[in-house]
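Asks: sharing a model prediction with you, sequence too.
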Amino acid sequence: MNWENAATIAEIVGAAGVIASLLYLSIQIRLSTKVSRAEITKDLYLASRTAIMDIASNEALAKISAEIRQFESVDLMRRNMFYQSFFRLYELQYNLANHGLLDEDIARSYSLIIQMWAKTVYFSDYWSRHRGEFNEAFAAYVDKQAETVAAAQ
């Protein structure tokens, strides 16, 4: 083999290395984008949940919110906000799990927590009034958890 053939082989190997590096880089960028989007989503959900809990735990804000939203009582509005804050958190975990960003065991434990909520006295009232405030896939998931509870009783 002469030097010209060796140089050609080296160029081919070098080009293959560049292509492999570019493929690896594109995969890493895609993964990084996915993780960044998940972080932004998490931050938005948590900010929303914090605002909901702030309103529910502050007497004056709870009263204003109850009046604006035309609740029969401040306690009923607070109960509603309490459910809302937790179901926003569950919606977040559902979305993270569906994007492969949450451990399956943790996702399963959240389904059990939703089933626990579905057994409570106020769940069906809350869910029937607020189901449409959540994304449809999550709402269907909660419906399935509630059906699991109903079938077991």
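Replies: Received the coordinates, thanks.

Asks: just the element for the closest residue to residue 122 other than its chain neighbours, please.
Replies: With sequence-adjacent residues excluded and distances taken as CB to CB, 6 or more residues apart in numbering, residue 122 is closest to residue 79, at 6.0 Å. Backbone N, C-alpha and C define where each C-beta goes, glycine included. Assigned by DSSP states H and E, residue 79 falls within helix 74-98.

Asks: for that helix, buried residues please.
Replies: The neighbour-count check on helix 74-98 (16 or more other CB atoms under 10 Å) flags 74, 77-97 as buried.

Asks: what's downstream of it, the next helix or strand?
Replies: Note on helix 74-98: by DSSP H and E, the next helix or strand toward the C-terminus is helix 104-118.

Asks: which element follows that next one toward the C-terminus?
Replies: helix 123-130.

Asks: show me where this protein dips below the pLDDT cut-off.
Replies: Along the chain, segments meeting pLDDT under 70 span 1.

Asks: please name the residues that touch the most centrally placed residue in it.
Replies: The residue lying closest to the centre of the chain (CA atoms, centre = their mean) is residue 92, at 1.9 Å. Applying CB atoms under 8 Å, 6 or more residues apart in numbering to residue 92 gives the contacts 41-42, 45-46.
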